[in-house]
Structure formats: C-alpha cells, structure tokens
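Asker: just a sequence and a predicted model for now, questions to come.
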Amino acid sequence: MPHLVEVNEKHRDKGVEIIMATDVDKAPELEKFIADKKLKLGVARVPDIYKLVKAQGYPTSYGIDVDGNCIWRGHPQQCNDSLIEGWLKDLRAPRIPRKLHDALSSAVNAYDNGQYGAALNGLEKLLKHKDEKIKADAQYVADLLNGRLEMNKAAAVIHRNSGDLERLVALLEADARDFSGLDYAKDCASEAKKAKAGKAYKECVEAREKLTRLKLTLSAMKPADAQKALTKLSRDYPDTPAGKEAAELAREFEGKK
Amino acid sequence: MKTLLALLLMLLSAAPSYAMDKGQEAPNFKFEASWGTLPGARQLTDYRGRIVFLEIWKIH
C-alpha cells in the first residue's frame, strides 16, 4: 500500500482518485486498521463489493475512466506512475449521459469536440435564460466544464511548485487550445510561451533526455559507476524532476555497491 | 411446483451481479461509509470526470 499512497499524493490533484473498497462489515475494525497503518488514502466500505465486480481474488484493482468504464484490471502492485500518466493523457470531460434541451445543441457539440472555451461561451446567455429547463441544463454543462478547469488549475499549481516545467507547459498548451475563446486560455498560452523560453524549462528537457539515455545503460553498468553517473546528473540538474529522480536512483545503487 | 416457484422467485429477486473487465461499465456501487480522501462521497458515480484507481482489498 505505501506505493499507492505515493501515487495518490502525486496524481490526485491531476484528476486521479484512489478508492480502496472493502466489504469488511465492522466499522471499528476498519477504523482501527486505517489509524494503525496511518492510511492516507480513500477507503470505502462497500457491502458485497467482491460479488459486485466478480473479483478474481484479493487484492484486485481496476482503472476506471471519466465516464465510469473499466479501462484496466490488474494487481495493485502494477499501479505505477507510467500507468497513471498514460491514463491522464486521455483525461477529458465526461460524456454527457442524458439528453439536454435542443437550445444547448451548439454548446454540447463544442463540448463533445473538446472545444471547452467555445462551449462555455455558448452557455453564457443560456445560463440566464427564462426557461428553467434550459437554464438548468446549461448550468449542468457549465459545472462539468468549470470543474475540469479548476482541476487543471490545481494541477498547474502542483507542477509550478515542484518545478516540473515540462508537464506545466504541456498542461498550459492543452488548456490554451481546449479553452480557446476565454481569457484563461490567453493566460495559459502566454505563461507557456514564457516558460518555454526560460533556462529552467530547457534544463528540465535536457535532464529528462539525459536520464532516459542513462537508464538504458544502467543495467550493464557496475553499481558504483551507475551511482556515479546518476549522482552527476542529479548535481548538474538539481531542480529538475529528472535530477531529483536521478538522486533517488543513485541512493538505490548506493545500497547495491 | 411450489419448489419451482420458490426457485424462480429467488432467481428474480437476486441482486444483479456484474463482471467488471476492460471495456465494461463499472457498477455504480454505494459507499456505506468512507474515510480518508473520500469526504462526502456516497457512490462511484460521484467520481465521474476523474480517473479512478479502484482496489478491492481485505484486512489480513
């Protein structure tokens, strides 16, 4: 479970939710377990969960997309950053599951095509419509889009604070495209352009490329040499995500020497 | 005949069961209680719009 706590802390604000579901029927027993293990995860008691999903055994895990469809099944130990990041690449607004008023057809069409800025602009007048049904439907779609926008803003804050400028730029460029037509999109485009022109961004890219190449040769290297190369990379690029990862890997090789 | 009817009734009243695998819609199960990072959530559909990593587990 510790690796799931790590995954949760790293990816929760980007749009991933980890749910540990169990059918343990005694709440005090479960509460004691959560307290004893200091579990910083989402835990839910779901009667008959094992039967509901026809799990093949304990523990079993599933990936579920934004529309509630299963996209992966496997052992929890297989959950890692690259798996989650692969899912996050496809993070889009959920499909609208019900028929909305015809007055919203243009906005819904924009929504379905990933033109979220155009959809929000199209909803603006409908949110003040005198027909309560139209107003409620417009509010429903606006809430979906604003929820996504807020989630992306929160993810951007995390990338900014951690110095992960490559991810920050990718997110900002995607939002500049998807929310085109809003001031927010202009701000995203401007920040992405500024970040890409900076030294820190170039260092992030350089460090990542070097670490990728180094990783390919690590298994053929003596542990001492691998540690030396990783330590050098971490010192050359101390503030980049790749530099930090190299430092962690160097510590692992320290124990193997 | 009575036994047959009883059996039929049992089958009809049984809770629906869903096999969950890649490509299938997850059953919308209800949370009887939740802790940690799931404040206020009552069911799986509360997480529409997010990617969910669901682990089914037991206390050993």
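Answerer: Yep, that arrived. Everything quoted here is computed from the prediction, not taken from an experiment.

Asker: all contacts plus neighbour counts: C-alpha atoms, from now on.
Answerer: OK.

Asker: which residues of chain B fall in strands?
Answerer: B:33-35, B:51-56 (DSSP state E).

Asker: where among those strands is average confidence lowest?
Answerer: Ranked by mean pLDDT, the strands of chain B end with strand B:33-35 in last place, scoring a mean of 81.

Asker: mind listing what it pairs with, with the direction of each?
Answerer: In the sheet, strand B:33-35 lines up against strand A:42-45 (antiparallel) (DSSP bridges).

Asker: can the strands of chain B go into CSV with extra columns for mean neighbour count?
Answerer: Shown next, in CSV, are these (neighbours: other C-alpha atoms under 10 Å in any protein chain shown):
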stretch, mean neighbour count
strand B:33-35, 20
strand B:51-56, 24
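
Asker: redo the ones you listed as CSV? Include distance to A:Ser82.
Answerer: Shown next, in CSV, are the strands of chain B (distance: least, C-alpha to C-alpha, whole Å):
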stretch, distance to A:Ser82
strand B:33-35, 27
strand B:51-56, 14
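
Asker: can you give me the distance of the residue nearest to A:Trp87 when sequence neighbours are not counted to A:Ala93?
Answerer: Excluding its sequence neighbours, the residue lying closest to A:Trp87 (C-alpha to C-alpha, 6 or more residues apart in numbering or on different chains) is B:Ile51, at 7.4 Å. Counting by C-alpha to C-alpha, to the nearest Å, the gap from B:Ile51 to A:Ala93 is 11 Å.

Asker: then A:His3?
Answerer: Separation of A:His3 from A:Ala93 (C-alpha to C-alpha) stands at 28 Å.

Asker: just A:Ala229 next, same as before
Answerer: 42 Å.

Asker: ok, now A:Thr22?
Answerer: The gap separating A:Thr22 from A:Ala93 is 28 Å, by C-alpha to C-alpha.

Asker: now swap in A:His159 and tell me
Answerer: Relative to A:Ala93, and taking C-alpha to C-alpha, A:His159 is found at 21 Å.

Asker: where does A:Trp72 sit: helix, strand or coil?
Answerer: At A:Trp72 the chain is in strand, as set by DSSP: H, G, I helix; E, B strand; the rest coil.
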